[in-house]
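A.B. asks: Give me the fold of what follows.
(chains A and B)
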Amino acid sequence: MKNFFVTTSFVKWSGALLLAALLPLSGLAQNNGAIIQETAPAPATTSTPAETPGETPSAAPAAAESTPAPAPAATTESTAPAARPVTPTPAPAAPVARPVTVTVPAQRAVPVVLNQAPPTKRFSDGVTYVGHRYFEEKGGGWGWIKKDGDSWGSAKWVAIQEDPLRGILVPSRKMGSRSADQDYEYKLTGYFSEKVAYDPHLDETMPVFVLESYQSLGQAKPLDRKPGPPMRFTRSKRSRSSSREDRPVPSPDGDSF
Amino acid sequence: MSHRLLSCLGAALCLLAGLSPIFAQTDAVPVAAPVPALVPSREFVIVSGGPALRTFERDKRASHDKYWGNFIDAALLRFKQLQSQLQPGEKITWLVYRPGYRQRGAEMVADLLDEVMARANKADVNLLWFDRAPQVVNYLNRGKDRKTTPVVVFEYFGHSNKACFLFDYSNDIDGMSVDYLHVRDLSDISQNALASDATSKSWGCHSGELFSASWKKRFGTPMEGAIGKTDYSRGGLPFLSSEGGRWNQ
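C.D. replies: Purely as a prediction, here's the structure:
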């Protein structure tokens, strides 16, 4: 028995067993499941095709346009970090790769267009209109426009949309001053836009007439109408009874900017 | 005897090999504690309105937007100032009124949309074009899940009067606006779109005279706005140009 414990073979076996027992404490086997490797950052932009610039979207009512919009950040979401917490999984028994930093070359941004409404085709509606010019010092409206043949009582106080790039401008621009054609009347071709113009000087809104061409009918008698959109008069009537807080108050100076 | 000694030495060596990692200088990669990826929890939104056409403005006494990029350059400068508030992984969202720059670019025979995009890329912000004012409302309401990602910073660079943000001004129609956000439209924006401690600022003219108060009434958080006019003509952030002008909440 004593001889057994001192024999060489026993020592060899003991060493081997001791080595096997201590092996897990060495550095040869690792558990690095806790290390999160950085992934190469996603490109700064996506390949989301840009909306073709061009048609002005139709001025759909705000209620319609308030329907849920698709998250427009396809560009942003694809570059954002993961939206959910990630539970790291243990890595295999292999040397841990160090985080890799990748330099992404600058790319051209192709931003997403929010909730693009379908474009509206612009065309003249074939109706001939007659316009009566009235210049207001502080206002942005052009005057009254009605269908040819209708009474002036049915005319609307409008803003006129010009197209400088196509050379379509209101008559007064060729006459030297904005008031040069006061009380002139014109035969007009064009159409009423779906847009609504806001006059920031008077805090008023009015319809927009898109001008395509005009023919001067010369100066006419002033119309027996007060200038301005209907809301100017309903607001005046309401102001007698409404509180000051209800009333949108225009800026004190003519140029509110 | 020598054999016995060699065996003992062998066993000792094995023992030392097993225990060596305890004493060795560590060259192994340390095990880090697990860090979950963060859910974006807030958003910075900056809105830039469009410039006027020079065709409409050039002969006016108070001529607007001699330089096309007033509201772009000011926003870019502001991005730099806000960078320090961003957390890792966060980016500013920049909403820009596209028709204004498209049409001004056509007047200048220049691709201003491309120019804006290049500057956005350089500033590393998320650029989103909008064509109509309701799209801004839609984005504030639903651009992200506002329950988890409310807007914490909202700022506006552009034309305005006391009652209105004028995303378009004197571009479609001389002296008027066809795309705007009036105080009457604030009720279309969800009250939950903004965080309870959000900071807001309008860098346009006159906002502090009415719009700011309406904003606070709607969202419960103040909006800093100007009493009087703001002027972008020096480049960078606009300055108060009216006598007695001041910032107000």
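A.B. asks: Now for the nearest residue to residue A:222 once chain neighbours are set aside: which residues touch it?
C.D. replies: Among residues not flanking residue A:222 along the chain, residue A:183 sits closest, at 5.3 Å (C-beta to C-beta, 6 or more residues apart in numbering or on different chains). In this view, the C-beta of every residue, glycine as well, is placed from N, C-alpha and C. Residues in contact with residue A:183 (C-beta atoms under 8 Å, 6 or more residues apart in numbering or on different chains) are A:132, A:133, A:134, A:219, A:220, A:221, A:222, A:223.
A.B. asks: distance between the ends of stretch B:170-187?
C.D. replies: 26 Å (C-alpha to C-alpha, to the nearest Å).
A.B. asks: before we move on, what about stretch B:203-219?
C.D. replies: One end of stretch B:203-219 to the other measures 19 Å (C-alpha to C-alpha).
A.B. asks: Same question for it: list its buried residues.
C.D. replies: B:203-215, B:218-219 (16 or more other C-beta atoms under 10 Å in any protein chain shown).
A.B. asks: Please enumerate the helices of the stretch 101-250 of chain A.
C.D. replies: With helices called from DSSP state H, counting those that start in this stretch, the stretch 101-250 of chain A shows them at A:230-238.
A.B. asks: nope, chain B is what I meant
C.D. replies: With helices called from DSSP state H, chain B shows them at B:2-23, B:54-57, B:70-82, B:98-108, B:112-123, B:133-142, B:211-219.
A.B. asks: Please list all residues in contact with the closest residue to residue A:213 other than its chain neighbours.
C.D. replies: In this structure, residue A:213 finds its nearest non-sequential neighbour in residue A:189, 4.8 Å apart by C-beta to C-beta, 6+ apart. Residue A:189 makes contact with A:124, A:128, A:129, A:212, A:213, A:214 under the criterion C-beta under 8 Å, 6+ apart.
A.B. asks: Most neighbours among those, please name it.
C.D. replies: Most neighbours among the contacts of residue A:189, by other C-beta atoms under 10 Å in any protein chain shown: residue A:129, with 23 neighbours.
A.B. asks: Count the residues that sit near residue B:196.
C.D. replies: With other C-beta under 10 Å as criterion, residue B:196 counts 11.
A.B. asks: got a list of what it touches?
C.D. replies: B:220, B:221.
A.B. asks: Read off the pLDDT value for it.
C.D. replies: Residue B:196 is assigned 95 on the pLDDT scale.
A.B. asks: And residue A:235, how close does it get to residue A:205?
C.D. replies: Residue A:235 sits 11 Å away from residue A:205, going by C-beta to C-beta, to the nearest Å.
A.B. asks: cool, and residue B:230?
C.D. replies: Residue B:230 is 24 Å from residue A:205, by C-beta to C-beta.
A.B. asks: was I right about residue B:175 contacting residue B:56?
C.D. replies: Yes: if you go by C-beta atoms under 8 Å, residue B:175 and residue B:56 touch, sitting 6.9 Å apart.
A.B. asks: where does the chain dip in pLDDT?
C.D. replies: In the absence of a named chain, chain A is used. Where chain A drops to pLDDT under 70, the residues are A:1-125, A:236-257.
A.B. asks: The chain in question should be chain B.
C.D. replies: In chain B, residues with pLDDT under 70: B:1-4, B:6-40.
A.B. asks: Counting residues, what is the longest strand that it contains?
C.D. replies: strand B:194-202 (DSSP state E).
A.B. asks: Buried ones in that strand, by neighbour count?
C.D. replies: Buried, per 16+ other C-beta under 10 Å, within strand B:194-202: B:194, B:195, B:198, B:199, B:200, B:201, B:202.
A.B. asks: so what's the residue lying closest to the fifth one once chain neighbours are set aside up against?
C.D. replies: Think residue B:200. Distances taken as C-beta to C-beta, 6+ apart put residue B:223 closest to residue B:200, at 4.0 Å, once the chain neighbours are dropped. Neighbouring residues of residue B:223 by C-beta under 8 Å, 6+ apart: B:154, B:200, B:201, B:202, B:207, B:211, B:212, B:215, B:216, B:249.
A.B. asks: swap the cut-off to 6 Å and go again
C.D. replies: The neighbours of residue B:223, taking C-beta atoms under 6 Å, 6 or more residues apart in numbering or on different chains as the test, are B:200, B:212, B:215.
A.B. asks: which of residue B:230 and residue A:205 has more neighbours?
C.D. replies: Taking other C-beta under 10 Å, residue B:230 and residue A:205 do not tie; residue B:230 has more neighbours (26 against 18).
A.B. asks: So for the more buried one, what's the nearest residue that isn't a sequence neighbour?
C.D. replies: In space, residue B:230 is closest to residue B:238, 4.0 Å off (C-beta to C-beta, 6+ apart).
A.B. asks: contacting residues around stretch A:216-230?
C.D. replies: Here stretch A:216-230 has contacts from A:132, A:134, A:136, A:152, A:157, A:183, A:184, A:185, A:186, A:204, A:206, using C-beta under 6 Å, 6+ apart.
A.B. asks: distance of the fifth one from residue A:136?
C.D. replies: Translated: residue A:157. 10 Å.
A.B. asks: Compare these two (neighbour count), which wins?
C.D. replies: A count of neighbours by other C-beta under 10 Å puts residue A:157 above the other of residue A:157 and residue A:136, at 23 against 17.
A.B. asks: Would you confirm that that one contacts residue A:140?
C.D. replies: No: the pair residue A:157 / residue A:140 is not scored as a contact, 10.9 Å apart, by C-beta atoms under 6 Å.
A.B. asks: Distance check, residue A:145 against residue A:154.
C.D. replies: If you measure residue A:145 against residue A:154 using C-beta to C-beta, the figure is 10 Å.
A.B. asks: more crowded one of those two?
C.D. replies: Using other C-beta under 10 Å as the criterion, residue A:145 and residue A:154 rank with residue A:145 on top: 22 against 9.
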